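J.: Fold the following.
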Amino acid sequence: MGLALTRAAQWTTASSGMGKLEITPLNESLLKEILHFVEQISARHPQEAKHVFREPLQWETSLQASDFTTEYDIRYGSCVQSREADGDGHPLLQLTPPDVSVRSFSQLTRLLQLVPDRKLREVRACLEGMHADSKEVICRLDFKLLNAHVRLSPAAVKRDVELLKSLCAAGEKKVLRSVCYTSDYEFSNGCRSPPWRQVHGEIAYLIIEPCDSEPLFITCSTAGVFLNAVRNTGNAFDRRSNVYKDLVDLLKSKSPHFAEGINKKDFVIQEEPPTTLKIPHVEAVGVEAPGQTLGSYEHQEKNALKKARQQLAPNKTGGEKKFEPSLKWKCLGLPSPHEEAEERKMRRSGGSERATKSRSRFPKSESKAKPSAPGSPLPGRPSSLKIKTSGGGTGAEDFSASSSESEDDVQTERRGDSHTDLPSEYWQIQKLVKYLKGGNQTATVIALCSMRDFNLAQETCQLALRDVGGLEVLVNLLDTDEMKCKIGSLKILKEISHNSQIRQAIADLGGLQTMVAILDSPDKELRCLAAETIANVARFRRARRTVRQHDGIKRLVNLLACVPHCVSTSSKQEKDMEVARCGALALWSCSKSTRNKDAIRKAGAIPLLARLLKVPQTNMLIPVVGTLQECASQRSYRIAIQSEGMIEDLVKYLSCDNQDLQKHCASAIFKCAEDKQTRDLVRHHEGLQPLVALLGEARNKELLTATTGAIWKCSISMENVAKFEEYRALELLVGLLTDQPEEVLVNVVGALAECAQRPNNRVTIRKSGGIAPLVGLLTGTNQTLLINVTRAVGACAADPESMTIIERLDGVRLLWSLLKNPNPDVQANAAWAICPCIENAEDAGEMVRSFVGSLELIVHLLKSTNKEVLASVCAAIGKIAKDEENLAVITDHGVVPMLASLTNTVDDKLRRYLAEAIARCCMWSSNRKAFGEAGAVAPVVRFLRSNDPAVHRATAQALFQLSREPNNCITMHESGVVKLLIPMIGSSDEVLQEEAAGCVANIRHLALANDKARYG
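T.: So this is what the prediction gives:
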């Protein structure tokens, strides 16, 4: 047998030879793995499957000659051999009942296919029948098994435990006294260990009592089983022995009595009764949802420990022995048997006694009293077995969300990879939670104060509170009428809610609903703490929806009204300012949802935010401006920000010393500057120069992103561009084209694209060395960046010297390649950029022809459904068609019928550039007739009814060219073109005059020629 099978499989001992495979779950798993490998090897590795073994595989089989198909030769009635043979003429498969020999994996696969119902039996017989010299035959299988590294699974552990439980029979022949889990709760994946230990591969924890030794505390993991350190240190997560393959091997090494009974098979199997009593999984304060960890684990473990010790006790009437938990177990927070009995008694009585005690500790007002659920840790809170739906209601609203929202707290739990003990703070916090659960009112307050002495910003302390069930207690304390307990609980929740997992747990426990109700409290400190905690928790979508559905937005907006109109320094005014600040923080978190933005506006928050914007306190301004910049994505907010005069304040704070405030102000201007009035207001209040000054803060990338975004949007107005020229902003922007994140580059390039609309700025960009980095950005993948880069390069290409640099850097080829981009906005901007490149290139015709497939590509884009793409492509075709050779090529590619199919459009922009393309394509004489035959003439005449003078000019050019074909003149005349062209002959546009007059002249010449032919 090979090395891997020797190590992995479990064999019986034999006086000679290898013995037989034991009937164990591990061996069954190995046999299935081997069978799967053999069945797949012929398909996955056909060459290797045909490899001939040095020695054949031989075993006693149940196959008969009648089982084989016609692919085999049957001799003497019962002997079978394959038609394939090795180099020496030996058949690769030979059956001489009851023995069979196989010399290749391919034949072994075919043999197993003959007995679909007896595959595992044949594989077992094959392995048992192999002798020592056959090791080399399965070297490939050994390699497979060594790489696979057979690991335990929850199902395998469960089967082993059930097998061992059946060996705990009464009488002298029993080999074990008892076997039990430390936890009755089984997760959906079959594990009984806490989820944060499952990530280390741990499956379950067992207490097994052999007949000849002390009880063994065992950890089962995917790597194997081993003794843990519960007996020595009280820690179930430390390993105190070697790792064994399975429970049987471990028990053999630790219990001679068990090993002797198993080897001699001298034991009695205990039969299960026909029906078993299944105890439901019910817990009190420590109970958590399946997604939670240590709290439920410890409570389950203490119940299982007591159950195990009861099983270990001798079943005699006169000699009952009372077991007490050791001090080691008490360190883990496990109660005594008396406490457990009291707890069970309270559960059976419906929790009335617990509710009475709780009400005596924390008096509850009649108006807020709620029925106490059985097992509820405090009155007014349901048991954690029944979790509230944090969203509040049902219906379509629960599932609606803004497209801009994101689930911020989707994270996996992180735990240390080491097996070392947890910090002492972890266990100390667990002890304090015990006092919170069972102490009186004074003890609860003391425990809360002691808990605040720990570093609650540390993740270990935060998760310790959650794991032991402390979060439920803290949330329950919020429902009491004891002010000190409420304040202490909120202070702790505020600190630990910075952790994403804690935030979700608070939402799951219904804590947000209670905190929203606290916002109506008359105590200002309580309202501040509740609002700050809501600000921390409402960082993910479900929590924000919960706040809105429980009328939290309106209550938070009411907190903003606490600030008086006159600024005062009294202590009362300071408290009011703090209440407003906390309310603004919570609104800032909630404003990341679209529906919440609408709710904030409807609650009347905008005037209050405008008033708070006048307060010269940075800690107040940051959440206020943060809320405004989040909401400014909606046009209604942008209009309100303008009308309330907040632009002036935003501009003023651009020059403050706090970079966070500067960032939020710049971001708000960035979003509001979509409107021309805002751009004018920023310039009017002298906000452009502070924005340019902030470009020097290159280290703060978030501030730089907001600043460049504000400059980009402000530069849409040419009046602002003139100011940027004065402040020498272009040189600074060009310097930011390298070594910056994409968020900054998008804004910088967008600003340069707007500034480059002015000719002198194109020269500035070229002299500052901006052409090369702009061309380099054409190879990116960010769609927004590509849109802005193509606009910037296209604007710079209008400068002949810049165009020379672009052509030298192969920028035109890169632009042409972007026509293949699936984003229509990128396609359109690339086509617009190609137009000035063709117009200003030295030999544009040859340059275009040098791009393989370029002309066919641009003609193909006329099939697009996007009007901007069509207009830009028509404009590019108008430039391309100036070269006669290129015009001939695109004519061959069918440009005429494709342009003719677009003439029924009513879009003026497309009409203009379509008419220009038609006029240019008519320079190829046969195209004039082709346009007429394609039915393009009459629709083009209708272009003259547009109100756009640019459309009139382009249409007159097209009609003039089309009128050179007599048949087209007839169509034009029938369409009433003369009546439309006559007024245009008197236009101030000379080109329009000339083209209109030329078209009318051609129609008139045709009419005169017709009259002359008719009348002589």
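J.: Hmm, Thr96 is touching Cys79, no?
T.: Yes - proximity of Thr96 to Cys79 meets the contact threshold set by C-beta atoms under 8 Å, at 5.5 Å. C-betas here are computed from N, CA, C, even on glycine.
J.: quick one: low-confidence parts of the protein?
T.: Applying pLDDT under 70 to the chain picks out residues 1-19, 25, 76-77, 130-150, 169-172, 232-234, 236, 265-421, 564-570, 1016.
J.: can we see that at 50?
T.: Scanning the chain for pLDDT under 50 picks out 1-4, 14-17, 131-149, 271-407, 410-420, 567.
J.: Now do the shared contacts for Thr96 and Cys79.
T.: By C-beta atoms under 8 Å, 6 or more residues apart in numbering, Thr96 and Cys79 have no common neighbours.
J.: hey, where'd the strands end up in the protein?
T.: 52-60, 72-75, 79-82, 93-96, 99-104, 176-181, 202-210, 216-221, 224-229, 235-239 (DSSP state E).
J.: got these as TSV, with distance to Leu785 columns?
T.: As requested, the strands of the chain are exported to TSV (distance: least, C-beta to C-beta, whole Å):
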stretch	distance to Leu785
strand 52-60	61
strand 72-75	68
strand 79-82	66
strand 93-96	65
strand 99-104	59
strand 176-181	58
strand 202-210	48
strand 216-221	49
strand 224-229	53
strand 235-239	50
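J.: Now render the ones you listed as JSON lines, adding mean neighbour count.
T.: As requested, these are arranged in JSON lines below (neighbours: other C-beta atoms under 10 Å):
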{"stretch": "strand 52-60", "mean neighbour count": "16"}
{"stretch": "strand 72-75", "mean neighbour count": "14"}
{"stretch": "strand 79-82", "mean neighbour count": "19"}
{"stretch": "strand 93-96", "mean neighbour count": "20"}
{"stretch": "strand 99-104", "mean neighbour count": "21"}
{"stretch": "strand 176-181", "mean neighbour count": "21"}
{"stretch": "strand 202-210", "mean neighbour count": "22"}
{"stretch": "strand 216-221", "mean neighbour count": "23"}
{"stretch": "strand 224-229", "mean neighbour count": "20"}
{"stretch": "strand 235-239", "mean neighbour count": "18"}
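J.: of all these, which lies closest to Ile262?
T.: strand 176-181 (10.3 Å; C-beta to C-beta).
J.: Give me the distance between that closest one and the centre of its chain.
T.: With C-alpha atoms, centre = their mean, to the nearest Å as the basis, strand 176-181 stands 45 Å off its chain's centre.
J.: got the CA positions of it in PDB?
T.: Listed in PDB are the C-alpha atoms of strand 176-181, where the atom choice follows Å, rounded to 0.1, in the frame of the first residue of the first chain:
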ATOM      1  CA  LEU A 176     -17.000   4.200  27.900                       C
ATOM      2  CA  ARG A 177     -19.000   5.700  30.700                       C
ATOM      3  CA  SER A 178     -20.400   8.800  28.900                       C
ATOM      4  CA  VAL A 179     -20.000  11.000  25.800                       C
ATOM      5  CA  CYS A 180     -21.600  14.400  25.500                       C
ATOM      6  CA  TYR A 181     -21.100  17.800  23.800                       C
END
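J.: Just checking: what are the partner strands of it?
T.: The strands that strand 176-181 pairs with in its sheet are strand 202-210 (antiparallel) (by DSSP bridges).
J.: angle of the partner strand against strand 235-239?
T.: Inter-element angle recorded for strand 202-210 and strand 235-239: 100 degrees (by axes from the mean of the first three to the mean of the last three C-alpha atoms, to 10 degrees).
J.: So that it lines up with my notes, have the first residue be 42 from now on.
T.: Sure thing, new numbering starts at 42, so read that last one as strand 243-251.
J.: got the angle for strand 243-251 vs strand 257-262?
T.: Going by the same axes, to 10 degrees, strand 243-251 is angled at 160 degrees with respect to strand 257-262.
J.: ok, and for stretch 714-729, which residues are buried?
T.: Within stretch 714-729, the residues that qualify as buried by neighbour count (16 or more other C-beta atoms under 10 Å) are Ala714, Asp716, Thr719, Arg720, Asp721, Leu722, Val723, Arg724, His726, Gly728, Leu729.
J.: Pull the contacting residues for the fifth one.
T.: Under the criterion of C-beta under 8 Å, 6+ apart, the contact partners of Asp721 comprise Ser758, Glu760.
J.: Between the two ends of stretch 902-914, how far is it?
T.: In stretch 902-914, first residue to last residue: 7 Å (C-alpha to C-alpha, to the nearest Å).
J.: Sorry, wrong one. I was asking about stretch 815-832.
T.: With C-alpha to C-alpha as the measure, the first residue of stretch 815-832 is 10 Å from its last.
J.: how far does it sit from the chain's center?
T.: Mean-position distance between stretch 815-832 and its chain equals 26 Å (C-alpha atoms, centre = their mean).
J.: Need the contact partners of that stretch.
T.: Surrounding stretch 815-832, the residues in contact under the criterion C-beta under 8 Å, 6+ apart are 778, 783, 786-787, 790-791, 793-794, 806, 833-834, 837, 846-847, 850-852, 855-856, 859, 862, 864, 866-867, 870-871, 873-874.
J.: gap between the spatially closest residue to Arg192 that is not a sequence neighbour and Thr223?
T.: Spatial nearest neighbour of Arg192, chain neighbours left out: Thr263 (4.4 Å); criterion: C-beta to C-beta, 6 or more residues apart in numbering. The span separating Thr263 from Thr223 equals 18 Å under the rule C-beta to C-beta, to the nearest Å.
J.: Who has more neighbours out of the two?
T.: When Thr263 and Thr223 are compared on other C-beta atoms under 10 Å, the one with more neighbours turns out to be Thr223, at 26 against 17.
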